[in-house]
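Colleague: Provided below are the primary sequence and the corresponding predicted coordinates.
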Amino acid sequence: MKHLIYILLLISISSFSQSKYYTKVGLVAFEASVPSFEEVKAKNTSTTAILNTENGEFAALLLVKGFRFKNALMEEHFNENYAESDTYPKAIFKGKIVGFSSEELNQNSKHLSFNGELTFHGISKKLESISIDVKRIGNIIYIKGHFEANASDYEIKIPKIVRNKVSEAIKVSFEFELNQK
């Protein structure tokens with residue numbers, strides 16, 4: 001709850017400063033599929049994110065129950081058995097975009113990297129050199145990237161009965177369309 005209040009405070013402050021960009025409809029998706037088995041992937045389209053263009057600091061927060069699967073039963077199992085979203089309701093991604101310069105952004109994507117940490121399932125892990133593409137069109141900054149995380153890094157236990165159907169390596173992708181405030 002403290003993190004949610006912090007993010008909301010940052011967003012409210014952003015309305016007084018031209019160096020802040022934010023969104024409430026960012027996309028975060030993941031896939032843990034294994035070939036020859038049912039697709040295990042979901043997306044969350046209600047991620048809140050904020051970027052400080054003065055220093056490249058970035059933060060994103062999502063509610064874990066916001067992930068949507070194509071199969072309702074899979075969504076239920078994810079929330080109850082893997083993510084334990086009643087106990088760990090949110091995920092937080094925060095850090096800094098390395099080499100970020102607002103003045104250098106234009107409609108051509110600039111390849112940069114992100115260093116920070118991801119907190120999921122009550123566990124925080126450092127993320128380094130995450131490849132991202134950043135561009136600005138008008139007053140909108142677009143950030144797109146991906147990384148891979150292991151379920152075991154966040155103490156997510158995959159039961160033996162489905163271990164060969166769900167990948168330990170989780171592919172995470174994200175897209176944010178941040179508006180100036």
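Modeller: Ah, there it is. Numbering: from 1, shown residues only.
Colleague: ranges for the helices of the protein?
Modeller: 2-14, 72-77 (DSSP state H).
Colleague: least reliable of those helices by average pLDDT, please.
Modeller: Across those, helix 2-14 has the smallest mean pLDDT, namely a mean of 54.
Colleague: which strands or helices does the strand of greatest length in the chain pack on?
Modeller: In the chain, assigned by DSSP state E, the strand with the most residues is strand 123-137. Contacts defined by 3 or more Cβ pairs under 8 Å, 6 or more residues apart in numbering; DSSP states H and E place strand 123-137 against strand 90-98, strand 110-120, strand 140-150. In this view, the C-beta of every residue, glycine as well, is placed from N, C-alpha and C.
Colleague: and the ones you listed, which is most packed in?
Modeller: Highest mean neighbour count among the helices and strands packed on strand 123-137 (mean count of other Cβ atoms under 10 Å): strand 90-98, with a mean of 20.
Colleague: what angle separates that strand from strand 140-150?
Modeller: Angle between the axes of strand 90-98 and strand 140-150 is 110 degrees (criterion: axes from the mean of the first three to the mean of the last three Cα atoms, to 10 degrees).
Colleague: tell me which residue lies nearest the centroid of the chain.
Modeller: With distances taken as Cα atoms, centre = their mean, the residue of the chain nearest its centroid is residue 28 (5.0 Å).
Colleague: against residue 47, how distant is that residue?
Modeller: Distance of residue 28 to residue 47, computed by Cβ to Cβ, to the nearest Å: 5 Å.
Colleague: what do those two both touch?
Modeller: Common neighbours of residue 28 and residue 47, using Cβ atoms under 8 Å, 6 or more residues apart in numbering, are 60, 62, 174.
Colleague: and those as CSV, adding pLDDT?
Modeller: Converted to CSV, these look like this (pLDDT from 0 to 100):
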residue, pLDDT
60, 96
62, 94
174, 96
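Colleague: just put the residues you listed in CSV and tack on neighbour count and distance to residue 114.
Modeller: Output for these, formatted as CSV (neighbours: other Cβ atoms under 10 Å; distance: Cβ to Cβ, whole Å):
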residue, neighbour count, distance to residue 114
60, 24, 11
62, 23, 16
174, 24, 10
